[in-house]
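Participant: how does the following fold in three dimensions:
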Amino acid sequence: MNRSAGPVNVLLKVLFTLLYGVPMLWIVLTSFKTSGDVFGESALLFSPVTTAYAEALNGQLYTALGQSLIIAAGTTAFTLAIAVPAGYGLARISGWITTIGLGLLIVFQMLPQTANVIPLYQVFGSWGLLDQTVGVIIADTALLTPFAVILLRPFFRAVPIEMEEAAALDGAPVRRTFWSIVLPMARNGVATTGTLVFLLSWGEFLYAVNFFLSPGQYPLSALLAQQVSAFGINWPGLMALSVLTSIPVLLIYAVSYRLLRDGLTVGAVK
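Facilitator: Residues are numbered from 1 along each chain as shown. Predicted coordinates for the structure are as follows:
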């Protein structure tokens, strides 16, 4: 069984490398082409140029990058502020309250994002939050909070309740026990959830393109969509912008890879 598993694993790795690697290679190669070379006879033999990158590196890109950073960071902060205590509460409370709470979270998670656009547009219009960054942050927070709570609950359940009971016997209040014992032991889970929320809010498109009325306020995800117009698609420009906008995501993934891979690795009780 072990001998047959080796070639199968190698074959799967090669297959997934081709599935993900070939499109990425095509994107990078296209970004160094001219518009005439995109649909040329040869996909690999061409004279590379940096014209698309020179045109993409402008003030609009830097503005969109700043907007994406603000939206992703704000959404992550607000989501964790809600999801951390909610996940801890659902991990420690048992009974019908937990069952109902988890059921509602699953229902909210299953609701299509498009169903929320019109109601949120009307609410934000009455609140004066249209074309405001804080409006998109609130919408993204509402979208990602159920996911974050469901993801955080198992991390808090993995923290031994005996640690909290020992702290309670020493006279520590619940709030101090949470901040001094539970949260440090579950910090890898919180960091993992925060990283995933940041990446998801970074690439969120639907709320950004609907709640920002001025294209000058668009984040990177919506800026990419502007490259497709009724007059055609500038493929080298689109691919160059795609490469530039993916660099921050790749950096975050590279830094947090071990965290995302290992999950909760601290807090073991000997």
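Participant: contact partners for A73?
Facilitator: Applying Cβ atoms under 8 Å, 6 or more residues apart in numbering to A73 gives the contacts F198. For the C-beta atoms, the positions are set from N, CA and C on the backbone; glycine is no exception.
Participant: A83 touches A142, doesn't it?
Facilitator: No - using Cβ atoms under 8 Å as the test, A83 is too far from A142 to be in contact (11.6 Å).
Participant: compare the two (neighbour count), which wins?
Facilitator: Comparing A83 with A142 by other Cβ atoms under 10 Å, the one with more neighbours is A83, at 25 against 17.
Participant: next, the contact list for the more buried one, please.
Facilitator: Per Cβ under 8 Å, 6+ apart, neighbours of A83: 145, 148-149, 152, 193.
Participant: measure it to L200 for me?
Facilitator: 13 Å (Cβ to Cβ, to the nearest Å).
Participant: ditto for T114
Facilitator: For T114, the distance to L200 - Cβ to Cβ - is 16 Å.
Participant: more crowded one of these two?
Facilitator: L200 (18 against 9).
Participant: now the nearest residue to the more buried one once chain neighbours are set aside: which helix or strand?
Facilitator: Closest residue to L200 apart from its sequence neighbours, by Cβ to Cβ, 6 or more residues apart in numbering: L144 at 6.0 Å. Using DSSP states H and E, L144 sits in helix 133-157.
Participant: buried residues in that helix, which are they?
Facilitator: 133, 135-153, 155-156 (16 or more other Cβ atoms under 10 Å).
Participant: now stretch 246-253
Facilitator: 248-249.
Participant: I'd like the mean pLDDT over that stretch, please.
Facilitator: Mean per-residue pLDDT for stretch 246-253: 85.
Participant: and it, how far out from the chain middle?
Facilitator: 11 Å (Cα atoms, centre = their mean, to the nearest Å).
Participant: got it, and stretch 14-28?
Facilitator: On Cα atoms, centre = their mean, the centre of stretch 14-28 falls 22 Å from that of its chain.
Participant: can you give me the strands in this protein?
Facilitator: 228-229, 232-233 (DSSP state E).
Participant: which one of those has the lowest average pLDDT?
Facilitator: strand 228-229 (a mean of 66).
Participant: number of residues surrounding the closest residue to S221 other than its chain neighbours?
Facilitator: Excluding its sequence neighbours, the residue lying closest to S221 (Cβ to Cβ, 6+ apart) is F205, at 4.3 Å. The number of residues packed near F205 is 15, by other Cβ under 10 Å.
Participant: which ones are touching F205?
Facilitator: So F205 contacts 221-222, 225 (Cβ under 8 Å, 6+ apart).
Participant: same thing but 10 Å
Facilitator: 113, 218-222, 224-225 (Cβ atoms under 10 Å, 6 or more residues apart in numbering).
Participant: pull up the per-residue confidence for it.
Facilitator: 89.
Participant: now tell me which helix or strand of this protein has the poorest mean pLDDT.
Facilitator: Lowest by mean pLDDT, DSSP states H and E among the helices and strands of the chain is strand 228-229, with a mean of 66.
Participant: what's the average pLDDT for stretch 110-130?
Facilitator: Here the average pLDDT along stretch 110-130 is 91.
Participant: now that stretch - C-alpha only, CSV.
Facilitator: In CSV, the C-alpha atoms belonging to stretch 110-130 read as follows (Å, rounded to 0.1, in the frame of the first residue of the first chain):
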residue,chain,number,x,y,z
MET,A,110,-25.1,30.2,3.7
LEU,A,111,-26.9,33.4,2.7
PRO,A,112,-25.7,34.5,-0.7
GLN,A,113,-23.8,37.8,-0.6
THR,A,114,-25.8,39.2,-3.5
ALA,A,115,-29.0,39.0,-1.4
ASN,A,116,-27.5,41.5,1.0
VAL,A,117,-26.5,44.2,-1.5
ILE,A,118,-29.8,45.9,-1.9
PRO,A,119,-30.8,46.0,1.8
LEU,A,120,-27.4,47.2,2.8
TYR,A,121,-27.4,49.8,0.0
GLN,A,122,-30.7,51.2,1.4
VAL,A,123,-29.5,51.2,5.0
PHE,A,124,-26.1,52.8,4.1
GLY,A,125,-27.9,55.4,2.0
SER,A,126,-30.1,56.4,5.0
TRP,A,127,-27.0,56.5,7.3
GLY,A,128,-24.9,58.4,4.9
LEU,A,129,-22.3,55.7,4.5
LEU,A,130,-22.4,55.2,0.7
